[in-house]
Structure formats: C-alpha cells, structure tokens
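Undergrad: prediction below, plus the sequence it came from.
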Amino acid sequence: MTSPEFSSKGSTEKFMTSVESGALTSRDVARRCVADLLAPVGWDEFLAKYWDCAPLCLQSQVSFSSLADIREVFRLIESGAPWQFRRLPEVYLDGGFVSHEDIVCEYVDMDGRRARAPNLARLRNLLNAGATVNCFGQEYHFPPLQRLREAFAIAFTAEVEVSFFYSRCNHQGLAPHYDCVEIFVLQIHGSKTWHISSQRVAAPLVGHGSGTVYDPELPHATMELRSGDLLYIPRGTFHQAIATSEESLHTAIAVKVPTYVDMLNVLEKTAREFDSVRSYLPLSDGDRRVEAAPRLLEMLTEVVGTEAYRAALEQLVLLRARAGSLSSFK
C-alpha cells in the first residue's frame, strides 16, 4: 500500500451548494456532488487510483461547519439522545473501549416495555476525563449531512452510515484498528492528527474480519486534518487519530458496497426454493457424495439464470442503498 497522497482541494462551494439545496435528482447528479467533494481528484481517477486501494488526503480552506454544529452535537451527546438510536454510541478513553454496561442503564417504562438510557453523571465524568464519543444516526438532526449521506448512498449504490466523533485534546480515542468498510473523514471542527499505516488486511468483511495484530514498526504516514479537510481510508487499512485542538469533531461516512459474498448469500436463499437443490445426496459412501459437487454447480447455474435470483439481487442493492427508493435513479 502506498502512503496517502496529499492534494489541495479545489473550492468545495459547489459541493456545499448541491448538498444544502438537496438537488439530488439522479445518480449522475449525486456522483457529481461527491466528485465536487473530491476535487481536484476526478470521479474516474478516484475509482481507478484510490477506491479500495490507497488513502487520499485532501486539504481545503473551505469549512464543513454548515454540515453540523459542534455545540449542538455536544448538547445531543450530553443529553443522552444518541443512546436512543438503534445502534448504541461507542465511547473510548485513552485507547480503551468503555463498555456499554458501564454507561447504559436498562429499565421498564410506564408501558411495561424494556428501555435504556445512559447514566448521565457517568457520561459527564467520562467527557470531562477526555473521552471520545462515536455516535450514530444523528445526521437526522442536521439536514445537510443527511443529504450528504443520501448523495453517497446514491453515488456508490451502497449502504452508508454516518457517525460523529467528538474528541478532546491529547486523549487517544480508538486504539490502532482497521475498518471493514470504506471510510471518508470530514473534519468539521478543530484539528486531529492521523497516523495511516502501510499495514493492511485484504478485503475484510463486517463480521468476518481478520485477527491480524497491529504492527507499529511498519511505515506509516502522519497528517493533521483541520476544518474543511477530507481523508479517505480504504477498508482494511490500520489507522489511529488523536485530537490536537481543545475539541475536535469529524464525521465519518462509512460506505459498504455489496460483495460477492452477499451474492452467494442471496444465491443460497434463492436456491432453497428449488426442489432439485433440496433433493438428497446419493445414498452411498463419502466419495460418491463429494463427486456430486459438479451437479450442484449445474443446479446453481440454473438458479442464477432465473428471474427470482435477479429480483433478489436487485432487492439487495435497494436494501444496501438506504437512501429511500432508488427506482428513479438510472
């Protein structure tokens, strides 16, 4: 893996105008919107040279502050609002993960249903100690960021998750790690130093990552992101970061594109509906049964050619791209 390339960005005013206006009328428009964010690197160049391959750092003088306000994000965190989202926030302190059990209280509400809420006093103590909070699903409080998520989902035809990382100066958040999805970091407020390692795990999947141990002796690149800067990190790339301003806020846009494993999962579910696939293997010894594999391949080839399988694959794409119906995007 090569070290991250650095480039001074062209003006992102065009990008911000597209996002703030919500003018995402087609996939081409969404891709142009994302391409404006990546300028001066073009869309085709990005896909050919960087996507799932090499990190990229883009430095700019244009602020991302209109995407979200750090004071409002902090207010949401301090109030406990992110803990009501389906995916619980993650809290880290000096490189260690703070368990949910250490923060979350479960109770039975007035309707007799199990509910949860953070221990606000404990949370406040962690924040004062310099904890990093990574909260999910809060883009719905910030319409421009929600539209940015939709632009990425439409542009890449992928499942996209947005999270906020709120950090305090000189306190380590996450320990060195890699992600199983493509990550776009947009620095909204303050500054943060990133260390991008040359160590990379090949094609990891969510739920099927490698137990590879981080090697601090391998070469890495160091860079400081300031407000308006963007960093792209391919999946499997080890990295870590630490805030260098009193407070830091960045949003991480995680892009999960369907894989061939997803296609296999769809094939397995579709094939179960076919009588031939559900038939018994030969009543014989193990060798005869192993020799039946070519027949299975023939059956699966037949399944792949069916309308049922094609429809299931199209549904997979729609489910992955959680930006609403994509039926109008061609």
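TA: Cool, the structure landed.
Undergrad: going forward, measure contacts and count neighbours with C-alpha atoms only.
TA: Noted.
Undergrad: run through the helices of the stretch 101-250 of the chain in chain order.
TA: Using DSSP state H, counting those that start in this stretch, the helices of the stretch 101-250 of the chain run over 120-128, 143-156.
Undergrad: hey, C-alpha coordinates of the helix or strand that contains Glu45 in CSV?
TA: Taking DSSP states H and E as the criterion, Glu45 maps to helix 43-49. Coordinates of each C-alpha in helix 43-49 appear next as CSV, following Å, rounded to 0.1, in the frame of the first residue of the first chain:
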residue,chain,number,x,y,z
TRP,A,43,-14.6,10.7,-10.1
ASP,A,44,-13.0,8.3,-12.6
GLU,A,45,-9.5,9.0,-11.2
PHE,A,46,-10.6,8.3,-7.7
LEU,A,47,-12.2,5.0,-8.6
ALA,A,48,-9.2,3.9,-10.6
LYS,A,49,-6.4,5.1,-8.3
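Undergrad: packing partners for that helix?
TA: helix 27-38 (3 or more Cα pairs under 8 Å, 6 or more residues apart in numbering; DSSP states H and E).
Undergrad: give me the most central residue, the chain.
TA: Ala254 (1.7 Å; Cα atoms, centre = their mean).
Undergrad: give the contact list for that residue.
TA: 160-162, 181-184 (Cα atoms under 8 Å, 6 or more residues apart in numbering).
Undergrad: closest one to Asn134 out of the residues you listed, please.
TA: Val162 (10.1 Å; Cα to Cα).
Undergrad: can you list the low-confidence ranges for the stretch 101-250 of the chain?
TA: 209 (pLDDT under 70).
Undergrad: tell me how many other residues crowd Gln315.
TA: 13 (other Cα atoms under 10 Å).
Undergrad: ok, it to Leu264 distance?
TA: 14 Å (Cα to Cα, to the nearest Å).
Undergrad: what distance do you get for Arg87 to Tyr140?
TA: For Arg87, the distance to Tyr140 - Cα to Cα - is 14 Å.
Undergrad: contacts for the helix or strand hosting Leu264?
TA: Assessed by DSSP H and E, Leu264 sits inside helix 260-271. With contact meaning Cα under 8 Å, 6+ apart, helix 260-271 is reached by 277, 300, 303-304, 308-309, 312-313, 316.
Undergrad: what does stretch 85-96 give?
TA: In contact with stretch 85-96 (Cα under 8 Å, 6+ apart) are residues 82-83, 97-100, 126, 129-137, 171-175.
Undergrad: next: stretch 232-242.
TA: 50-57, 167, 169-185, 192-204, 214.
Undergrad: apply 6 Å and report the result again.
TA: 52, 55-56, 172, 176-184, 192-197, 199-201 (Cα atoms under 6 Å, 6 or more residues apart in numbering).
Undergrad: give me the buried subset of the residues you listed.
TA: When those are checked for burial by 16 or more other Cα atoms under 10 Å, the buried set is 52, 55-56, 172, 176, 178-184, 192-197, 199-201.
Undergrad: those in strands, which ones?
TA: The members of the buried ones among the contacts of stretch 232-242 that map onto strands under DSSP state E are 56, 182-184, 192-197, 199-200.
Undergrad: give me the number of residues near Gly305?
TA: Neighbour tally, Gly305, other Cα under 10 Å: 10.
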